[in-house]
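Colleague: Below is the structure, and that's it, no one-letter string:
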């Protein structure tokens, strides 16, 4: 039970950590001052949420590991984030596409997690969903602006959605630990969110004059610790200080 | 189960009122509504604070500042960060809203108004400089997690708007 709940919390938290790190890479590199600040603000929200999750995970597992140990000292195969969030900031359309495809899911997920029988998880969800509603407004707005913008921005936004689409189905995949935690009324049954998710995403893509990809071939593996080649590079950046100067403090 | 009221020992109120938000120095943490509990138990002050936004970097500083302010008056204290009930902009006091406006940050509208200005481009936010409502959203995200960027189309003043959080 303890081990399953721990794994379940990591499954939620790792998504936010890895996406937060990707957005943080844009600090000082955003296409405009406003978008640069927006991406790093969203990153900060995600890191804030991550701290609440990892603090709770550390308490659950109770083996002396701190929130920082959990965030910084695991190996690549021990991270259980979905593949979507580790995809690189190829261009601004990819950054926005990745954010949009995750935000729609994240909002639906937190809406359900608010009802969790676990009071800590429900408190984190109630707090986070307010922030995530702003994230979703931001990414949705930009999908529309780029999709319904110039021929160039339209093409790039379409390319990003086409390329990232293969990672969307994994959001609704359940691990063995997930199933146990769901049966206890703590976890969210994500399979029931799937149709609302695709309906919401499709509606916004249509409004943005973008095509909903037809491909039915989907990548998965992140939730089981099998990642794309991008995660290793991301972690080497994220973990650099703790690996080089073990136990250093800020 | 979830208590939304504050429990503040009246003796401690004047001390806590001296502690300001490090990112908005004109605003005391009491006006901000982040202190939920401050009671003396066995000679130690137990303080519960709640973050405005999850990632708000000011929370650590606020905790330290509260400890310091209480210590100066001879109190030892313990600070606890709580998440429930979640902070809302409704907890900013009328005095706090006035302080925000005077400082150049437009105070949050209600949830409906907030949606209209951020999503539909309605002009409801009052310029903190010339008080015109001929203002527009520049970006939903601003200098800190809690603010959006606006600009006045009459006097051209760029200013922050404190986003509604409910």
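Modeller: Perfect, I can see it now. Remember, predicted model here, so these are calculated numbers, not experimental data.
Colleague: Could you show which parts of chain B are in contact with chain A?
Modeller: Residues of chain B lying near chain A by CB under 8 Å from any CB of the partner chain: B:51, B:53-57, B:83-87, B:118-119, B:138-143, B:145, B:149, B:163, B:165-166. The C-beta positions use only the backbone N, C-alpha and C, and glycine is treated the same way.
Colleague: Domain-wise, how is chain B divided?
Modeller: Using automatic domain parsing, the domain parsing of chain B gives B:7-89, B:104-162.
Colleague: of all the ones you listed, which lies closest to residue A:137?
Modeller: With CB to CB as the criterion, residue A:137 lies closest to domain B:104-162 of the domains of chain B, at 6.3 Å.
Colleague: could the domains of chain B go into CSV alongside mean pLDDT and mean neighbour count?
Modeller: CSV is the format used below for these (pLDDT from 0 to 100; neighbours: other CB atoms under 10 Å in any protein chain shown):
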stretch, mean pLDDT, mean neighbour count
domain B:7-89, 92, 17
domain B:104-162, 90, 18
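Colleague: In contact with the closest residue to chain B within chain A, which residues?
Modeller: Chain B sits closest to residue A:48 of chain A, with a gap of 2.6 Å, by CB to the nearest CB. By CB atoms under 8 Å, 6 or more residues apart in numbering or on different chains, the contact set of residue A:48 is A:131, B:51, B:53-56.
Colleague: got a markdown table for those residues, with distance to residue A:8 and secondary structure too?
Modeller: Output for the contacts of residue A:48, formatted as a markdown table (distance: CB to CB, whole Å; DSSP: H, G, I helix; E, B strand; the rest coil):
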| residue | distance to residue A:8 | secondary structure |
| --- | --- | --- |
| A:131 | 21 | helix |
| B:51 | 24 | coil |
| B:53 | 25 | coil |
| B:54 | 19 | coil |
| B:55 | 22 | coil |
| B:56 | 26 | coil |
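Colleague: where along chain B do the strands fall?
Modeller: Assigned by DSSP state E, the strands in chain B fall at B:7-8, B:20-21, B:24-28, B:35-41, B:44-49, B:76-81, B:105-106, B:135-139, B:147-152, B:158-162.
Colleague: swap in chain A?
Modeller: Ranges of strands in chain A, per DSSP E: none exist.
Colleague: quick one: the most far-flung residue of chain A relative to its centre and residue A:157, what's the gap?
Modeller: Most distant from the centre of chain A: residue A:151, at 29.2 Å, with distances by CA atoms, centre = their mean. Separation of residue A:151 from residue A:157 (CB to CB, to the nearest Å): 11 Å.
Colleague: What of residue B:45?
Modeller: Taking CB to CB as the measure, residue B:45 and residue A:157 are separated by 54 Å.
Colleague: nearest to residue A:146, of the domains of chain B?
Modeller: Evaluated over the domains of chain B, closeness to residue A:146 peaks at domain B:104-162, with 15.7 Å, by CB to CB.
Colleague: quick one: low-confidence parts of chain A?
Modeller: By pLDDT under 70, the weakly predicted segments of chain A are A:1.
Colleague: try it again with 80
Modeller: Counting by pLDDT under 80, the ranges of chain A that qualify are A:1, A:250.
Colleague: which residue packs closest to residue A:62, ignoring adjacent ones?
Modeller: Distances taken as CB to CB, 6 or more residues apart in numbering or on different chains put residue A:2 closest to residue A:62, at 7.8 Å, once the chain neighbours are dropped.
Colleague: and if you look at residue A:163?
Modeller: In this structure, residue A:163 finds its nearest non-sequential neighbour in residue A:94, 7.3 Å apart by CB to CB, 6+ apart.
Colleague: And residue B:79, by the same measure?
Modeller: With CB to CB, 6+ apart, the residue lying closest to residue B:79 is residue B:63, at 4.3 Å.
Colleague: As a quick check, tell me the outermost residue of chain B.
Modeller: residue B:42 (30.3 Å).
Colleague: so how far is residue A:219 from it?
Modeller: Taking CB to CB, one finds residue B:42 at 57 Å from residue A:219.
Colleague: Also residue B:32?
Modeller: For residue B:32, the distance to residue A:219 - CB to CB - is 45 Å.
Colleague: Same question for residue A:42.
Modeller: Plainly put, residue A:42 is 24 Å away from residue A:219 if you go by CB to CB.
Colleague: Which of the two has more residues huddled nearby?
Modeller: More crowded of residue A:42 and residue A:219, by other CB atoms under 10 Å in any protein chain shown: residue A:42, with 27 against 16.
Colleague: which residues sit in contact with the closest residue to that one other than its chain neighbours?
Modeller: Counting by CB to CB, 6+ apart, residue A:135 is the residue found nearest to residue A:42 once chain neighbours are left out, at 5.1 Å. Neighbour list for residue A:135: A:42, A:45, A:99, A:103, A:106 [criterion: CB under 8 Å, 6+ apart].
Colleague: Over to residue B:150?
Modeller: Here residue B:150 is in contact with B:106, B:125, B:127, B:135-138, B:158-161 (CB under 8 Å, 6+ apart).
Colleague: ok, residue 65 - contacts?
Modeller: Going with chain A. Residues near residue A:65 by CB under 8 Å, 6+ apart: residue A:58.
Colleague: you looked at the wrong chain, it should be chain B
Modeller: Contact analysis of residue B:65 by CB under 8 Å, 6+ apart lists B:19-20, B:22.
Colleague: want to throw those into CSV with distance to residue A:250?
Modeller: Below are those laid out as CSV (distance: CB to CB, whole Å):
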residue, distance to residue A:250
B:19, 23
B:20, 24
B:22, 17
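Colleague: ok, of the residues you listed, which one's closest to chain A?
Modeller: residue B:22 (15.4 Å).
Colleague: could you measure residue A:143 against residue B:25, distance?
Modeller: Applying CB to CB to residue A:143 and residue B:25 gives a distance of 38 Å.
Colleague: right, I mislabeled it, should have said residue A:100
Modeller: 36 Å.
Colleague: Distance check, the residue most central in space within chain A against residue A:127.
Modeller: The structure's chain A has its C-alpha centroid closest to residue A:15; by CA atoms, centre = their mean the separation is 3.7 Å. Noted for residue A:15: a distance of 16 Å to residue A:127, by CB to CB.
Colleague: what's the answer for residue A:230, then?
Modeller: For residue A:230, the distance to residue A:127 - CB to CB - is 30 Å.
Colleague: Repeat that for residue B:24.
Modeller: Applying CB to CB to residue B:24 and residue A:127 gives a distance of 20 Å.
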